[in-house]
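S.K.: Structure, please.
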Amino acid sequence: MKKVIIISLFLGIAVVACKSQKTVVATNTELAIIPQPKFVETYQKKLNVKLLNELELPSDWQQLGDQYIAFNQKNNLGAIQIVDKAKNTAIRIKKNQNLSLESYTLQINETGIHIEASDFGGAFNAFQTWKQIVLSAENNSVMQLKIEDQPRFNYRGLMLDCSRHFWTVDELKETITQMSFFKLNKLHLHLTDNNAWRVEIKAYPKLTTAGTYYKDYPELSNKFYTQEDLKQVVAFAGLHNIEVIPEIDLPGHAIGILAAYPNLSCTGGEFEVFPEEMPMKDRKRMNVNMLCLGNPDTYTFAEKVIQEMAAIFPSKKIHLGGDEVPTNIWEKCSKCQKLHQQENLNTWGELQDVFTKKMSAVVKKYDKTMVGWDEINERHAASTEDIVMAWRDYGFNQAVEALERNVPVIMAPQHGCYFDWGYAGNATRKVYEWDPISAEMEALKKNNLVLGGQACLWTERIATQERVEEMLYPRITALAEVLWSPKESRNWDSYLKRLEQSYDHMKTLGISYYVDDAINESEFIPKKEKPALVRHAWLTTNLPNHGNYHLEYIFDGKSNTFYWGSRSIGIGDFYQIQLGEAVLANKITVITGDSKDYIQHADLLVSEDGETFKKVGSFSDDGMAAAYLGGKTIRAIRIEATKQHTSWPVIKEVKIE
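M.R.: Numbers count the residues shown, from 1 in each chain. Next up is the predicted model:
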C-alpha cells in the first residue's frame, strides 16, 4: 500500500518514499483536525464510514460507546452496536498501558477504526479526532491513516465567570460539550464574587438567599446551583474528560458573603450584592468587599465552605481566588490590627499571607491542592504544595517568581488568555502565537512545573450563552492547539486552513462563533504617530486617549485597530468626524469593542451642513450602531453618549458606504 508520511507541521502536501521505494505525491487534502495531532501518516485508500456497524471497547468505557452511538444517530451514519468481539468492519478500542495519560493512537484501514489508549481520557480524545475526521468526510468516505497523538500540557482549561452572570446547568453542559470537542479538559467555575454567591452551602443557607437577591432586579435574583446541580455538572463533565474546578473568591470580592453574613466584615452594617446591570452610582459599599481577617469566625466560615466544596467536587484542586484585595479597611479594624501585631507583620499585605497559609492548610486537610491568583505569591506566601495561576499582564514575571521557588503555575494571563477582551485586544492570531512558557521561564529548566494554561471569560458584559460562544470561538481553538500540539509544529497558515473547515464543525455543534474579518492580523499595538485616515476629515472628542490609542484609529479603514478612551463615558460625551468634503452616504456603521469595553447607550447622528445634527440611529445592547441613509449627502458624523457607562470605550471603526 502506498503511503504518505506527514509529521506535525502540515497535514497535506508532502513528497516521500513509500515502502516499495517509489516516490508518490500526496493530494492537497488537509485534515481539519484541531488541535493538530503530533504525528499523522495518511494513505491513498479510503474507508466508507457507513460500513462501521460494530463497536468493541473495554466494559468500563461503556459510556464512551454510548456517545459513539449518539454521534452516529445525530449524523445519520447508520446504526452501530456495541459487541464483545467485533467480527466485521468495526470500531475497535483497546487499552494500551504503554501510552501516557490522555494519549492515543488511531488507525483507519480496511478493517475499520483501531484506537488504543491507556485511560478514558485518551480514548475520549481519540473519539474527538474521529468526529472531526468524519464531519469533514465527503460522501461518507474518509482516508485511511495512522495518528499518534499526545498532549503537550495536562492542564488545558477554560474559566467561566458564573457570578456576574449565571449560567444554567444546561448551558454549562453545552459549554462542556463544545470545549471537549477541541480536547480542552479543565473547566474552572468562578462561583462567587461581589455580584453573587452561586453555590449552595448547607452550613450557611443565607449565602444563596441574600447572596443572590437584587431588590430592584427580581428577574435576575435567586439564581444559584444546588449541590445536586453541581454534582450533575461534574458527572456530565467526567463523561467528556473534563475536570471541574470550583473557585470561591476569598478574602476579597466577598460582598456575596457579606450580604448574607455582615458579621464577617470589619465594619458590620448592611451589604447588598449587585448585578452588572445596576449603574455604578446605585451600588452600595462596593469598595468594602473583604472579609475581616482578625475575626475567628472568618476562618470557621472558610473551612466549612471548603469542606462542603470538597464533597461536591472530586477535583484535587480548589481555587480560592486571592486577587485584588485592598488593605485599607483592615488597617482601621481593631481585630485586624490585633492580629497584625500578634503575627509581628511588617506590612498590611502580609495579613493576607497569614490567611493564604491557613487556607492552604485547610485545603490540604481535605486532600486537595489550593490554587490562587498570582497575588497569593506576591510575598511568597504560596508553598510548593500550592498552585499559582498567573494572570496579570503577560503573566511571565509572576510565573518566574513562582517557578524559582518550585511553586507550580498555570498560565492565564490577560494578554493572550483573557477572552472578555475583545478580538481587537486578544486577536485569534495573538492567542495562537502566544506560548505559556517564555524564554525566562525556559531558562529555569522547570517546565514540568508549568501545568498548562487556560482562557478566562469574565462576564461583566456577557449575558447570554450565544455571547459566551462568540467570545470563545474561534480563538479558544487556537489556545487548544497551543496547549495540545508540540510547539515546534505550530504553523499559523496550517491552522487557518483547518479552522476554515472547522467552522462547519462548529455549526454542527451549534456554536455561535464570532466572524472575525481581521483574523489574519497580528496583535494591534498602537504607535506614537497617528494613523492615516481613510478619507480627508478632522476628528474630535472630549475624552482623553488611553496611551497611544489615538481617536484617528476609528477612521483608518482597519477594523483590527481601535481607539480606547482612558475613562468611562457618560451623558454628553462625544466623538465627532468632520468630513473634509461632502460625502454621498447610503449607510453608516459603527463597530465598537467586542469586549466589555463597548458603547451601549449612545445616539448616532449625522449633519448635512457640518453644524446641525440629526439622530439617525442608536447603539444596540451588543455595542453596534448602523443607519441607512439612502444616498444622503453628509458633512459630519457624531456619536453622543446618552447614559453613564461602566466601561472605558473601545471603538474599532466608523464605516461610510
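S.K.: in the helix or strand hosting Lys497, what counts as buried?
M.R.: Counting by DSSP states H and E, the element that carries Lys497 is helix 492-509. Neighbour-count burial for helix 492-509 flags 494-499, 501-502, 505-506, 509 (criterion: 16 or more other C-beta atoms under 10 Å). All C-beta atoms are positioned from the backbone trio N, CA, C, and that covers glycine.
S.K.: before we move on, what about stretch 103-117?
M.R.: 103-108, 112-117.
S.K.: Next, the distance between the ends of it.
M.R.: 6 Å (C-alpha to C-alpha, to the nearest Å).
S.K.: That one: how far from the chain's middle?
M.R.: Computed by C-alpha atoms, centre = their mean, to the nearest Å, the chain-centroid distance of stretch 103-117 equals 31 Å.
S.K.: picking up where we left off before, ok, so of the buried residues of helix 492-509, who is nearest Thr168?
M.R.: Leu509 (18.1 Å; C-beta to C-beta).
S.K.: show me the contacts for that closest one.
M.R.: Residues near Leu509 by C-beta atoms under 8 Å, 6 or more residues apart in numbering: 177-178, 181.
S.K.: Surely Leu539 is in contact with Leu579?
M.R.: No: Leu539 is beyond contact range of Leu579, at 10.4 Å (criterion: C-beta atoms under 8 Å).
S.K.: Scan the helices and strands of this protein for the one with the lowest mean pLDDT.
M.R.: strand 23-25 (a mean of 28; mean pLDDT, DSSP states H and E).
S.K.: Sheet partners, orientation included, of the next helix or strand after it?
M.R.: As assigned by DSSP H and E, the chain's next helix or strand after strand 23-25 is strand 39-48. Strand 39-48 pairs in its sheet with strand 3-6 (antiparallel), strand 141-149 (antiparallel), by DSSP bridges.
S.K.: Pull out the buried positions in stretch 262-273.
M.R.: So for stretch 262-273, counting by 16+ other C-beta under 10 Å, buried means 264-266, 271-273.
S.K.: make that stretch 597-607, sorry
M.R.: For stretch 597-607, burial by neighbour count (16+ other C-beta under 10 Å) applies to 597-600, 602-607.
S.K.: Just give me the closest of the buried residues of stretch 262-273 to Trp197.
M.R.: Closest approach to Trp197 among the buried residues of stretch 262-273 (C-beta to C-beta): Val273, at 7.6 Å.
S.K.: need the contact list for that closest one.
M.R.: Val273 touches 194-197, 210-214, 255-256, 259, counting by C-beta under 8 Å, 6+ apart.
S.K.: Leaving out the residues flanking it, which one is nearest to it?
M.R.: Ala259 (4.9 Å; C-beta to C-beta, 6 or more residues apart in numbering).
S.K.: what do you get for Gln62?
M.R.: Closest residue to Gln62 apart from its sequence neighbours, by C-beta to C-beta, 6+ apart: Ile82 at 7.2 Å.
S.K.: Any idea what the one you found is bridged to?
M.R.: With DSSP bridges as the rule, Ile82 is bridged to Leu55.
S.K.: Where does the prediction get shaky in the chain?
M.R.: 1-30, 594-596 (pLDDT under 70).
S.K.: Now the spatially most central residue of it: which helix or strand?
M.R.: With distances taken as C-alpha atoms, centre = their mean, Ala455 lies nearest the centre of the chain, 3.3 Å away. Ala455 is part of strand 450-457, with elements assigned from DSSP H and E.
S.K.: ok and the very next helix or strand once past that strand relative to strand 450-457, angle-wise?
M.R.: Per DSSP H and E, strand 450-457 leads on to helix 465-472 as the next helix or strand towards the C-terminus. Taking axes from the mean of the first three to the mean of the last three C-alpha atoms, to 10 degrees, one finds helix 465-472 and strand 450-457 inclined to each other by 130 degrees.
S.K.: Let me know the helix or strand that Val590 is in.
M.R.: strand 574-592.
S.K.: Give me the distance from that strand to the chain's centre.
M.R.: Distance of strand 574-592 from the chain centroid (C-alpha atoms, centre = their mean) equals 35 Å.
S.K.: so Asp603 sits in a strand?
M.R.: Yes: remark: Asp603 belongs to a strand, assigned using DSSP: H, G, I helix; E, B strand; the rest coil.
S.K.: got the contact list for it?
M.R.: By C-beta under 8 Å, 6+ apart, the residues touching Asp603 are 615, 617-619, 639-640, 642.
S.K.: now it: how far from Ser618?
M.R.: 6 Å (C-beta to C-beta, to the nearest Å).
S.K.: shared neighbours of those two, which are they?
M.R.: Joint contacts of Asp603 and Ser618 (C-beta under 8 Å, 6+ apart) are Thr642.
S.K.: circling back: moving C-terminal from the helix holding Lys497, which element do we reach first?
M.R.: Downstream of helix 492-509, the first helix or strand assigned by DSSP H and E is strand 537-541.
S.K.: Burial check on Val650, number of neighbours?
M.R.: Residues lying near Val650 (other C-beta atoms under 10 Å) number 27.
S.K.: these two touch, right, it and Ala424?
M.R.: Yes: using C-beta under 8 Å, Val650 is in contact with Ala424, at 6.8 Å.
S.K.: wait, Asp556 sits on Lys530?
M.R.: No: the pair Asp556 / Lys530 is not scored as a contact, 9.1 Å apart, by C-beta under 8 Å.
S.K.: between those two, who's got more neighbours?
M.R.: Asp556 (17 against 14).
S.K.: What about Phe524? Give its phi and psi, please.
M.R.: Reported as degrees, to the nearest 10, the phi and psi values for Phe524 are phi -80, psi 120.
S.K.: That one and Met624: what is the separation?
M.R.: Taken as C-beta to C-beta, the span from Phe524 to Met624 is 20 Å.
S.K.: Val450: what's it in contact with?
M.R.: Val450 is in contact with 153, 399, 403, 408-409, 411, 436-437, 441, counting by C-beta under 8 Å, 6+ apart.
S.K.: Quickly list what the residue nearest to the centre of the chain is bridged to.
M.R.: Applying DSSP bridges, one finds that Ala455 bridges with Leu158.
S.K.: Please report the distance of it from Glu433.
M.R.: 15 Å.
S.K.: and if you look at Leu579?
M.R.: 38 Å.
S.K.: Neighbour count: these two, which is higher?
M.R.: Ranked by neighbour count (other C-beta under 10 Å), Leu579 and Glu433 place Leu579 first, with 19 against 15.
S.K.: ok, that one touching Thr633?
M.R.: No: look at Leu579 against Thr633 with C-beta under 8 Å: they stay out of range, at 10.2 Å.
S.K.: Need the phi and psi values for Arg461.
M.R.: phi -120, psi 20.
S.K.: Correction: the previous question concerned Val650.
M.R.: Val650 has phi and psi values of phi -120, psi 130 when expressed as degrees, to the nearest 10.
S.K.: Tell me the bridge partners for it.
M.R.: Assessed by DSSP bridges, Val650 has beta-bridge partners Trp564.
S.K.: for it, what are its contacts?
M.R.: By C-beta under 8 Å, 6+ apart, Val650 lies in contact with 422, 424-425, 562-565, 592-593, 595, 597-598.
S.K.: and which of these is nearest Gln341?
M.R.: Ranked by distance to Gln341 (C-beta to C-beta), the contacts of Val650 are led by Asp597 at 43.0 Å.
S.K.: how much space between the closest one and Glu460?
M.R.: 10 Å.
S.K.: Count the neighbours of Lys316 for me.
M.R.: Using other C-beta under 10 Å, the number of residues around Lys316 comes to 13.
S.K.: can you check Asn586 too?
M.R.: 12.
S.K.: In space, what's closest to it - neighbours in sequence excluded?
M.R.: Glu657 (5.3 Å).
S.K.: okay but the one you found is in contact with Leu584, surely?
M.R.: No: Glu657 is beyond contact range of Leu584, at 10.2 Å (criterion: C-beta under 8 Å).
S.K.: shared neighbours, the two?
M.R.: With C-beta under 8 Å, 6+ apart, Glu657 and Leu584 have no common neighbours.
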